[in-house]
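In: Can you look at this prediction? I've put the sequence above it.
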There are 2 protein chains.
Amino acid sequence: MTIQAASRMPQQDRSRATRRRLLEAAVDCLAAYGWAGSTVSVVAERAGVSRGAAQHHFPTREDLFTAAVEHVADQLLADVREQLSPEAQGDTPRTETVVEVIVRMYTGELFRAALHLWVAAAREEPLRARIIALENRVGREAHRAAVEFLGVDERAPGVRETVQATLDMARGLGLANLLTDDGARRAGVVRQWARILDGVLG
Amino acid sequence: MTIQAASRMPQQDRSRATRRRLLEAAVDCLAAYGWAGSTVSVVAERAGVSRGAAQHHFPTREDLFTAAVEHVADQLLADVREQLSPEAQGDTPRTETVVEVIVRMYTGELFRAALHLWVAAAREEPLRARIIALENRVGREAHRAAVEFLGVDERAPGVRETVQATLDMARGLGLANLLTDDGARRAGVVRQWARILDGVLG
């Protein structure tokens, strides 16, 4: 490391930490206040950052919220990969564990935040194009992770669609959990779904 | 019919027609402008009804929109029952047809409207309680219809959860259709899910 690089580090670290605080505050705000209530100022205040600094990192409101959902989705996917790794599971994870972990991605705060953004995007053009691109990328990665953890071969007929159905069901369970705690019913659905997958894919 | 009742009829008919126009306009507005953009005035204008007449039928905004989603959901369920009746199908409908018709309920304008209402309800208390009650009632009826048309016995282990999973998947497919036309992918998922149901429930 050059002397010059070393002297720049604390500034870079601070900048990265600020960016991260903004992204996490943006997701919190979306989940709590929805899109209409989540302005850049509200997020900056929650993150303890000046409005100017927020705009330095994210020139537009769309930049901020798209990056926020992307950041948290990437984190969540990394967590899932860690939870389902052979090291964490001892061996190949059981199908029910895989389905449970996938469904958990869609029933937490991120899904709630993303849902507000998705629904707002249905009516707001600059946001819409951004969210479609994000949905494609995150959807592809969730699909790839599900295939990997279920240990299936997508070239076999019906496998691809079965994995898609699993992710669609997880999304539907997320929606069912929006207004009330749907945990008890959900546990039964997840157990049965895992049994079905074992029969179909096993 | 008494002379008095006969003379009252046109007035009752007019009132019923006005109510119906308001309900349908409310769903259109929700789907088009979301909750924030859908005030009673906007709906009244779209329905060609005075604001006072709208408030005579629906004293609060929550009354209007809850009734609207309920009205359209009931209509949709009645349509589904007709489409899947033995008369329309010739015989017992094929599983794929049943899944298709169920999924269609969640991918049309009603679902889009309901989604705006659900997401708004997550943050607005008077609306929230109303929507939870509505969700319970409509959910129960959709479940009952699915059980009936799939021709299954819920007392058998796993059947209830499999039907629930089917409805959760349909909801997830609805969400996936919000920003882009997901029809091609959806057709593959529906076909595969019907195949799985035939194996599991058959």
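Out: That came through fine.

In: Show me the shaky parts of chain A.
Out: A:1-9 (pLDDT under 70).

In: The lengthiest helix in it: what's the following helix or strand?
Out: Looking across chain A with DSSP state H, the single longest helix is helix A:3-33. Sequence-wise, the next helix or strand beyond helix A:3-33 is helix A:40-47, with elements assigned using DSSP states H and E.

In: So is that next one next to chain B?
Out: No. Helix A:40-47 does not reach chain B (C-beta under 8 Å from any C-beta of the partner chain); its nearest approach is 13.6 Å. For glycine as for every other residue, the C-beta is placed from the backbone atoms N, C-alpha and C.

In: From the chain's centroid, how far away is that helix?
Out: Offset of helix A:40-47 from its chain centre (C-alpha atoms, centre = their mean, to the nearest Å): 21 Å.

In: Which neighbouring elements make contact with the longest helix of chain A?
Out: Judged by 3 or more C-beta pairs under 8 Å, 6 or more residues apart in numbering or on different chains; DSSP states H and E, helix A:3-33 is in contact with helix A:40-47, helix A:51-57, helix A:61-83, helix A:109-121.

In: buried set for that helix?
Out: A:18-19, A:21-33 (16 or more other C-beta atoms under 10 Å in any protein chain shown).

In: Tell me which residue is most central in chain A.
Out: Residue closest to the mean C-alpha point of chain A, counted by C-alpha atoms, centre = their mean, is A:A73 at 2.6 Å.

In: I'd like to check which residues are in contact with that residue.
Out: A:110, A:114, A:134, A:138 (C-beta atoms under 8 Å, 6 or more residues apart in numbering or on different chains).

In: ok so, going back, just name the most buried of the helices and strands packed on helix A:3-33.
Out: helix A:109-121 (a mean of 23; mean count of other C-beta atoms under 10 Å in any protein chain shown).

In: just the angle between that helix and helix A:61-83, please?
Out: 150 degrees (axes from the mean of the first three to the mean of the last three C-alpha atoms, to 10 degrees).

In: Counting by contacts, list what the helix or strand that helix A:109-121 is followed by packs against.
Out: Later in the chain than helix A:109-121, the nearest helix or strand by DSSP H and E is helix A:125-150. Using 3+ C-beta pairs under 8 Å, 6+ apart, the elements in contact with helix A:125-150 are helix A:61-83, helix A:95-105, helix A:109-121, helix A:159-176.

In: quick one: helix A:125-150 to helix A:109-121, angle?
Out: Using the same axes, to 10 degrees: helix A:125-150 against helix A:109-121 is 140 degrees.

In: in helix A:125-150, what's buried?
Out: Those would be A:127-128, A:130-131, A:134-135, A:138, A:142-143, A:145-147, A:149-150, for helix A:125-150 by 16+ other C-beta under 10 Å.

In: repeat for stretch A:188-202
Out: Buried-residue list, stretch A:188-202, by 16+ other C-beta under 10 Å: A:189-190, A:192-197, A:200-201.

In: filter these by proximity to chain B?
Out: A:189, A:192-193, A:195-196, A:200.

In: Would you format the residues you listed as a markdown table with secondary structure included?
Out: Listed next are these as a markdown table, based on DSSP: H, G, I helix; E, B strand; the rest coil:
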| residue | secondary structure |
| --- | --- |
| A:V189 | helix |
| A:Q192 | helix |
| A:W193 | helix |
| A:R195 | helix |
| A:I196 | helix |
| A:V200 | helix |
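
In: Between those, which sits nearest B:D168?
Out: A:V189 (6.3 Å; C-beta to C-beta).

In: gap between the closest one and B:D182?
Out: 22 Å (C-beta to C-beta, to the nearest Å).

In: ditto for A:I196
Out: Taking C-beta to C-beta, one finds A:I196 at 23 Å from B:D182.

In: With A:V42 instead?
Out: With C-beta to C-beta as the criterion, A:V42 and B:D182 are 32 Å apart.

In: What of A:R160?
Out: 15 Å.

In: And for A:A54?
Out: 34 Å.

In: cool, and A:A32?
Out: Distance of A:A32 to B:D182, given as C-beta to C-beta: 29 Å.

In: just A:S15 next, same as before
Out: 39 Å.

In: got it, and A:A31?
Out: With C-beta to C-beta as the criterion, A:A31 and B:D182 are 25 Å apart.

In: still on that earlier bit, just name the closest of the buried residues of stretch A:188-202 to B:G174, please.
Out: Nearest to B:G174 out of the buried residues of stretch A:188-202 is A:V189 (C-beta to C-beta; 16.9 Å).

In: Now do the contacts for the closest one.
Out: Neighbour list for A:V189: A:169, A:173, B:161, B:164-165, B:168 [criterion: C-beta under 8 Å, 6+ apart].

In: again with A:L115
Out: A:174-175, A:178, B:119, B:175.

In: which among those residues gets closest to A:S85?
Out: The closest of these, once distances to A:S85 are taken by C-beta to C-beta, is A:G174, at 23.8 Å.

In: Number of residues surrounding the closest one?
Out: Using other C-beta atoms under 10 Å in any protein chain shown, A:G174 has 26 neighbouring residues.

In: got the contact list for it?
Out: A:G174 sits in contact with A:103, A:106-107, A:111, A:115, B:172, where contact means C-beta under 8 Å, 6+ apart.

In: Most widely separated two among those residues?
Out: It's A:V103 and A:L115 that sit farthest apart of the contacts of A:G174, by C-beta to C-beta, at 15.2 Å.

In: what's the spacing between the nearest residue to A:V42 once chain neighbours are set aside and B:A36?
Out: Excluding its sequence neighbours, the residue lying closest to A:V42 (C-beta to C-beta, 6 or more residues apart in numbering or on different chains) is A:C29, at 5.6 Å. According to C-beta to C-beta, A:C29 stands 16 Å off from B:A36.

In: who are the neighbours in contact with the nearest residue to A:R185 once chain neighbours are set aside?
Out: The spatial neighbour of A:R185 that comes closest, neighbours along the chain excluded (C-beta to C-beta, 6+ apart), is B:Q164 at 6.9 Å. B:Q164 makes contact with A:185, A:188-189, B:143, according to C-beta under 8 Å, 6+ apart.
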